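Asker: The amino acid sequence is not available; the structure is as follows:
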């Protein structure tokens, strides 16, 4: 261990790092920016900004009335977005500690966040995903169809993938909000998701990691699989109720 960051009064659930070159080079920020900044969220209801080089707490972000469950960073704008059990998302200047705005429309805990092209996507215990304008806090779209809490989010190539407590993953058209596909196979809540190329990865509390074929999600007809080893990898076609990939 090279450094320890102490100051939270309860569990640390989420963190994100801002590299030195992503921070302004003004004299007042120079000391804080050395080594970058680490932002952490805790069940003590605060987020903290730490100077990585020294391990000192640079700012404590106070305003949430519940646990901070998730956060994302807009590094060019040195802004943090935090989601909480108080059903709000809050935007903060991580250099000054100032609270910039509050996003209020969810009716349950905000469990996961994704920041893409000045849009903030939030998954909640109210069974919805909402899309917000990062600069104003205006809600511009709501994604429904989940039967339980939304526990994971990932944006990829115009598609918003979600994981839920109903044990399903879903793919939505990020622009229209239309549900494109449902991935069924897990037996318990999906904890995290990732997308790489044409494969969706889902990891669940049921102990399984599943791989899914996500070709053709933009609505165009899907081409037949190539007659090479790749065809064995994508041997299971995916319809409305997609099946996981099986090993070759």
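Answerer: Looks like it arrived, so ask away. Since the model is a prediction, treat every value here as computed from it, not as a measurement.
Asker: ok, residue 52 to residue 39 distance?
Answerer: Separation of residue 52 from residue 39 (CB to CB, to the nearest Å): 11 Å. Every residue, glycine included, has its C-beta placed from N, CA and C.
Asker: Which one of those two is surrounded by more residues?
Answerer: Relative neighbour count places residue 39 above the other of residue 52 and residue 39, with 23 against 20, counting by other CB atoms under 10 Å.
Asker: counting contacts, what elements does the strand or helix carrying the more buried one pack onto?
Answerer: Element membership of residue 39, judged by DSSP states H and E, is strand 37-42. Packing partners of strand 37-42 (3 or more CB pairs under 8 Å, 6 or more residues apart in numbering; DSSP states H and E): strand 12-18, strand 47-51, strand 68-74.
Asker: Point out the most buried one among these.
Answerer: strand 47-51 (a mean of 24; mean count of other CB atoms under 10 Å).
Asker: Switch the helices and strands packed on strand 37-42 over to CSV; also include mean pLDDT.
Answerer: Listed next are those as CSV, based on pLDDT from 0 to 100:
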stretch, mean pLDDT
strand 12-18, 96
strand 47-51, 97
strand 68-74, 97
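Asker: Dump these to JSON lines, plus distance to residue 90.
Answerer: Shown next, in JSON lines, are those (distance: least, CB to CB, whole Å):
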{"stretch": "strand 12-18", "distance to residue 90": "14"}
{"stretch": "strand 47-51", "distance to residue 90": "9"}
{"stretch": "strand 68-74", "distance to residue 90": "9"}
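Asker: Go ahead and confirm residue 20 touches residue 75.
Answerer: No - taking CB atoms under 8 Å as the definition, residue 20 is not a contact partner of residue 75, at 10.5 Å.
Asker: Those two: which has the busier surroundings?
Answerer: Set side by side, residue 20 and residue 75 give different neighbour counts by other CB under 10 Å, the larger being at residue 75 (19 against 15).
Asker: Tell me how many other residues surround the closest residue to the more buried one other than its chain neighbours.
Answerer: Residue nearest to residue 75 in three dimensions, not counting chain neighbours: residue 22, with 3.8 Å by CB to CB, 6 or more residues apart in numbering. Residues lying near residue 22 (other CB under 10 Å) number 16.
Asker: Next one: residue 22 relative to residue 96, how far apart?
Answerer: 16 Å.
Asker: which one is residue 50 nearest to, not counting chain neighbours?
Answerer: Nearest non-adjacent residue to residue 50 (CB to CB, 6+ apart): residue 38, at 4.4 Å.
Asker: what about that neighbour, distance to residue 206?
Answerer: Residue 38 is 32 Å from residue 206, by CB to CB.
Asker: Likewise for residue 44?
Answerer: Applying CB to CB to residue 44 and residue 206 gives a distance of 31 Å.
Asker: so what's residue 151 up against?
Answerer: Applying CB atoms under 8 Å, 6 or more residues apart in numbering, we find residue 151 in contact with 111, 112, 123, 163, 164, 165, 189, 190, 191.
Asker: Can you tell me the element the closest residue in space to the fifth one that isn't next to it in sequence falls in?
Answerer: Nearest in space to residue 164, with sequence neighbours left out and distances taken as CB to CB, 6+ apart, is residue 146 at 4.6 Å. Under the assignment given by DSSP H and E, residue 146 is not contained in any helix or strand.
Asker: right, and the residue nearest to residue 50 touches residue 52 too?
Answerer: Yes - Residue 38 lies in contact with residue 52 (CB under 8 Å); the separation is 5.4 Å.
Asker: who touches both of these two?
Answerer: Residues touching both residue 38 and residue 52 by CB under 8 Å, 6+ apart: residue 17.
Asker: Out of the helices and strands packed on strand 37-42, flag the one nearest residue 171.
Answerer: Residue 171 lies closest to strand 68-74 among the helices and strands packed on strand 37-42, at 20.6 Å (CB to CB).
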